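Asks: Any chance you could fold what I've pasted below:
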Amino acid sequence: MSSVSFAPSSTDRQSIKLAPDAQMVCGVDSVLGMKDELMSLARSVGQSGAMDDLDYFMARPQLRKKMPHIVSTLTQNSCTAAPEAAVLIYEHHIGGRGLHIFATDDTTGRRTLVSAPELRAPFALTACRSLIDRGAQIVLISFRHDSDQVDPGLEEILRGGSYSCRWASREREIAGYLPFESTLDETLALLGTRTRNHLRYYRRRAENQLGAHFVADAKISREDFLALNRICAYAATDEVAASRYDLLSRLTSPVLYGMADREGRWLSLVGGRHCGDSMEMYWQMNRDDVPSQSLGTAMRSFLIDHEVKLGTRRMYLEGGTTHSMSHGFVREKVTDMIVMRQSPLTRILPGLVKRFLPPENMLLQVLEDTTLTWRCVGRA
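Replies: Numbering: from 1, shown residues only. Have a look, this model is predicted:
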């Protein structure tokens, strides 16, 4: 096993050559130093917004024990070199030490890998090869991929190292986004009859019984925000709630919507961002001390109405939703690609991973997927 450390020795931007056509930068400051280039690349390949607001996403509490890396390939012109493809990936750390286990963070694949569609699968393998070359033991990249499967012929990209590895990929379908039509009625028509009726009924009920109304630019102090969180259904920890409040201002086009009662008390809050013609909801807080109401459903009815009037075309929900409205979401495909070095260490790593990753973690889910077809590459 290589003893190479992936942790940067300083916060200065680093550029580590991995192969003739690939480079890597690591550390928050180094990744943010590439933000303009990454945003430009994303726009040029039809993935606008994928690399916006990197400082927000990398500052979330769940990523504080991970080291961000950008692996990219470059395209040369007469004057400069610019990224042709790039992936944002994180190394897991414990006690300040890197575990040589890398995974992308966005399970939807929208904010992970940016490139022209035809380059995504080859580049994902190129990035895996680059990291394995430097000592990585496991690499998982979730990304958007249009084909039904990754071409097994691409495994040639993994050949040539002084190691053997095995790789696998799988395709899964997710509820991507709720499309918005030009009117509220047209948008609700995309949903099931029961869901439509609930959105209308619980909004009217909250309006009639509580004097509920929508606030498009909610204002609340940090102290009151934390207090509200504590009396909400599925309350977050104080740490998570504080980060939600503090990080929202880092977004380029933040959203903080509220639903208040006739006395001005907050019943529900929604945080997220606008990105192009889309609205992305990152969290929702609903009071749990108001009987006989479905505040979450009422708030979503208000929100959809407001966004339709703004001309928004899509709504994404971070982490998905168990609400019945998910049946109206457009289905999208995501590819998970995993490469594992063949070594005594990787034989025990899956068991160790179970001890420090929660059940919903995508890396753990892939490692436990018994339907994967693994392919071996390299030295026997």
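
Asks: check which helix or strand covers the closest residue in space to Asp105 that isn't next to it in sequence.
Replies: With C-beta to C-beta, 6 or more residues apart in numbering as the criterion, Asp105 has its nearest non-adjacent residue at 5.8 Å, and that residue is Tyr90. (Glycine included, C-beta is placed from N, CA and C.) If you go by DSSP states H and E, Tyr90 is part of strand 81-94.

Asks: helices or strands up against that strand?
Replies: Using 3 or more C-beta pairs under 8 Å, 6 or more residues apart in numbering; DSSP states H and E, the elements in contact with strand 81-94 are helix 35-44, strand 66-76, strand 97-103, strand 113-114, helix 120-133, strand 138-143.

Asks: okay, these in a markdown table with mean pLDDT, mean neighbour count and distance to Glu181 next?
Replies: A markdown table is the format used below for the helices and strands packed on strand 81-94 (pLDDT from 0 to 100; neighbours: other C-beta atoms under 10 Å; distance: least, C-beta to C-beta, whole Å):
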| stretch | mean pLDDT | mean neighbour count | distance to Glu181 |
| --- | --- | --- | --- |
| helix 35-44 | 96 | 17 | 26 |
| strand 66-76 | 89 | 21 | 37 |
| strand 97-103 | 91 | 21 | 37 |
| strand 113-114 | 98 | 30 | 29 |
| helix 120-133 | 94 | 25 | 30 |
| strand 138-143 | 97 | 26 | 29 |
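
Asks: Now for the residue nearest to the spatial centre of the chain: which residues touch it?
Replies: Among the residues of the chain, the one closest to the centroid is Asp106, at 2.5 Å (C-alpha atoms, centre = their mean). Applying C-beta atoms under 8 Å, 6 or more residues apart in numbering to Asp106 gives the contacts 57, 112, 142.

Asks: Quick check: what element follows the helix or strand of the chain with the lowest mean pLDDT along the chain?
Replies: Ranked by mean pLDDT, DSSP states H and E, the helix or strand of the chain with the weakest confidence is strand 16-19, at a mean of 39. Following strand 16-19 in sequence order, the next helix or strand is strand 22-26 (DSSP H and E).

Asks: if you average pLDDT over that next one, what comes out?
Replies: Mean per-residue pLDDT for strand 22-26: 89.

Asks: Kindly report the same for stretch 51-61.
Replies: Averaged across stretch 51-61, pLDDT comes to 93.

Asks: buried stuff in it?
Replies: Neighbour counts over stretch 51-61 (16 or more other C-beta atoms under 10 Å) mark 51-54, 56-58 as buried.

Asks: which of these lies closest to Pro344?
Replies: Proximity of those to Pro344 (C-beta to C-beta) peaks at Met58, which lies at 33.0 Å.

Asks: Only the buried residues of the lengthiest strand in the chain, if you could.
Replies: The longest strand of the chain (DSSP state E) is strand 164-179. Residues of strand 164-179 classed as buried by neighbour count (16+ other C-beta under 10 Å): 165-170, 172, 174-178.
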